[in-house]
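Peer 1: sequence and predicted model, in that order:
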Amino acid sequence: MNPFFVMSVLFGLIFGQTASLCAPSEYTIHVEKRECAYCLAINTTICAGFCMTRDSNGKKLLLKSALSQNVCTYKEMLYRTALIPGCPHHTIPYYSYPVAVSCKCGKCNTDYSDCVRERVRTNYCTKPQKLCNL
């Protein structure tokens, strides 16, 4: 094996996030309101992937801030709004959702991200489905 290649891989693993695979990924959100006749399936992008992180064996010796894990999170995002079909006039039929423009490896911000490992699977429709491609 080429020594330059081996050194490049080692340097990347030690000093950077060259092996990080954090990028916008296609995702479908299912949105419904009790008052509305339909469930809306919205195709968007979210940040997903692998981020290099370091976990120390000497956890008791280090500051808590040195132990934070990096996650794949939003670097740049925008919001779009979709109209949920079949809503009565007294109901607000709009739903705003994030669209990942670019992603980065960093600390998880609970202001706009779900930072838990596994959550209850609730991303499905209980009503007839309409597709929204924006």
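Peer 2: Perfect, thanks for sending it.

Peer 1: was I right to think Cys72 contacts Met52?
Peer 2: No - with contact defined as Cβ atoms under 8 Å, Cys72 does not count as touching Met52 (10.9 Å). Placement of C-beta: from N, CA and C, glycine included.

Peer 1: okay, those two: which has more neighbours?
Peer 2: Between Cys72 and Met52, counted using other Cβ atoms under 10 Å, Cys72 has the larger neighbour count: 24 against 17.

Peer 1: report how many residues lie close to the closest residue to the more buried one other than its chain neighbours.
Peer 2: In space, and not counting its chain neighbours, Cys72 is closest to Cys22: 3.7 Å by Cβ to Cβ, 6 or more residues apart in numbering. Neighbourhood size, Cys22 [other Cβ under 10 Å]: 22.

Peer 1: what of the one 4 residues further on?
Peer 2: The number of residues packed around Glu26, counting by other Cβ under 10 Å, is 10.
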